[in-house]
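Visitor: Sequence below, structure please.
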Amino acid sequence: MPLDLLLPEFIRPLLKSRQLGKVIHHFQLTSSTNDVARQLAEQGAPEGVVVLAEEQTCGRGRAGRAWHSERSAGIYASILLRPAIKPREAPTLTLAAAVAVAEAIEQACGLHADIKWPNDLLLGGRKCCGILSEMHAETDKIRSVVVGIGINVNHSGFPAELGQLATSLRIECKRVCSRIDLLCALLERFERLYEDLQQGRRAAVLHRWVARSSFAVGKSLTLDLGSGQQIEGKTAGLSETGHLKIELADGRVEEFLSGEIVAWR
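Guide: The predicted structure is shown next:
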């Protein structure tokens, strides 16, 4: 049996987080870790539960895109949270997760990943990680948030249609990386950032995101808002709730929570 399987008995002795990952559900094969975590949330599972899979049959990213989940090569994880923040502040959870992944990759593999709004991490301009947060909330209260994280760790290659778009930590650093070490670093760093958000230190978390993203300020882009509507402008950082600020051609700065960036320049 490979020693790098993400089994709870391998992870717990190394994990220094206080809450995240104390309960781990591990699957050799599942449809989607986010789906499992959402079901656990509906059943009343506590905050901090982590769902892991060696392989997913229906892994997905934003806008329902499929996520390539090669068996025992990546980290396919979902974290169940029950944050005491307002629903409008929920985007900061995805941003905090991106910072945690970037810092964990640097700690475990020595690689510096760039962060592209809203939820991608890049190495050499190619995607190595995607984050998908799904929230269950009422008007003014969050019931649960599932933060799904997919990291290409030890993939040696990708399907032809992804060849120019995706990469892995193994490809970039020319060696096999420990998924267990990376996962532990991720959970420990995300827990600290999550505590910052819970305790009102949101600005510090957003500052760390901006500092790690070459896309955050001064990047020209085209944003597709759907229904045939597109805008062009230049990135101007993040709002206090984690929305992307874009300076338009007439000098106005507007904030955007969602949209598809179809071109960076």
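Visitor: In a helix, I115, correct?
Guide: No: counting by DSSP: H, G, I helix; E, B strand; the rest coil, I115 falls outside a helix, being strand.
Visitor: Could you pull up the mean pLDDT of the host helix or strand of V145?
Guide: Per DSSP states H and E: V145 is located in strand 142-151. The pLDDT scores in strand 142-151 average 97.
Visitor: Sheet-wise, list the partners of it with their directions.
Guide: strand 75-81 (antiparallel), strand 126-137 (antiparallel) (DSSP bridges).
Visitor: Now the element after that strand, going C-ward?
Guide: helix 169-173.
Visitor: which stretches of this structure form strands?
Guide: With DSSP state E, the ranges of strands along the chain come out as 24-27, 50-53, 75-81, 114-116, 120-123, 126-137, 142-151, 217-226, 229-238, 244-248, 253-256, 260-264.
Visitor: Least reliable of the ones you listed by average pLDDT, please.
Guide: The weakest mean pLDDT among the strands of the chain belongs to strand 260-264, with a mean of 76.
Visitor: how far out from the middle of the chain is that strand?
Guide: 18 Å (CA atoms, centre = their mean, to the nearest Å).
Visitor: so can I have TSV of the strands paired with strand 142-151 showing distance to D4?
Guide: Backbone N, C-alpha and C define where each C-beta goes, glycine included. Converted to TSV, those look like this (distance: least, CB to CB, whole Å):
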stretch	distance to D4
strand 75-81	11
strand 126-137	18
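Visitor: deepest of those, which one?
Guide: strand 75-81 (a mean of 25; mean count of other CB atoms under 10 Å).
Visitor: Pretty sure A41 sits against V146.
Guide: Yes: between A41 and V146 there is a contact under CB atoms under 8 Å: 6.5 Å.
Visitor: Could you list the low-pLDDT ranges of the stretch 1-150 of the chain?
Guide: Along the stretch 1-150 of the chain, the parts satisfying pLDDT under 70 run over 1-3, 59-69.
Visitor: could you redo the last one with a cut-off of 80?
Guide: 1-4, 58-69, 118 (pLDDT under 80).
Visitor: was I right about V253 contacting H243?
Guide: No: checked against CB under 8 Å, the pair V253 and H243 is beyond contact range at 11.0 Å.
Visitor: more neighbours, those two?
Guide: H243 (18 against 13; other CB atoms under 10 Å).
Visitor: Could you find the closest non-adjacent residue to that one?
Guide: Nearest non-adjacent residue to H243, counting by CB to CB, 6 or more residues apart in numbering: E255, 4.0 Å away.
Visitor: E240 is in contact with the one you found, correct?
Guide: No: counting by CB under 8 Å, E255 does not reach E240; the two are 9.7 Å apart.
Visitor: circling back: neighbours around the residue nearest to H243, how many?
Guide: 14.
Visitor: Ok, Q56 next?
Guide: Around Q56 there are 26 residues (other CB under 10 Å).
Visitor: how far away is it from I75?
Guide: In this view, Q56 and I75 are 11 Å apart by CB to CB, to the nearest Å.
Visitor: ok, now L5?
Guide: 12 Å.
Visitor: can you check E188 too?
Guide: For E188, the distance to I75 - CB to CB - is 14 Å.
Visitor: Check A41 too.
Guide: For A41, the distance to I75 - CB to CB - is 20 Å.
Visitor: go on, V146?
Guide: 15 Å.
Visitor: that older thread, quick one: which of the strands paired with strand 142-151 is nearest Y194?
Guide: Ranking the strands paired with strand 142-151 by distance to Y194, with CB to CB as the measure, places strand 75-81 first at 7.0 Å.
Visitor: distance between that closest one and the chain's centre?
Guide: That offset, for strand 75-81, works out to 9 Å (CA atoms, centre = their mean).
Visitor: domain parsing for the protein?
Guide: The chain breaks down into these domains under automatic domain parsing: 8-212, 217-264.
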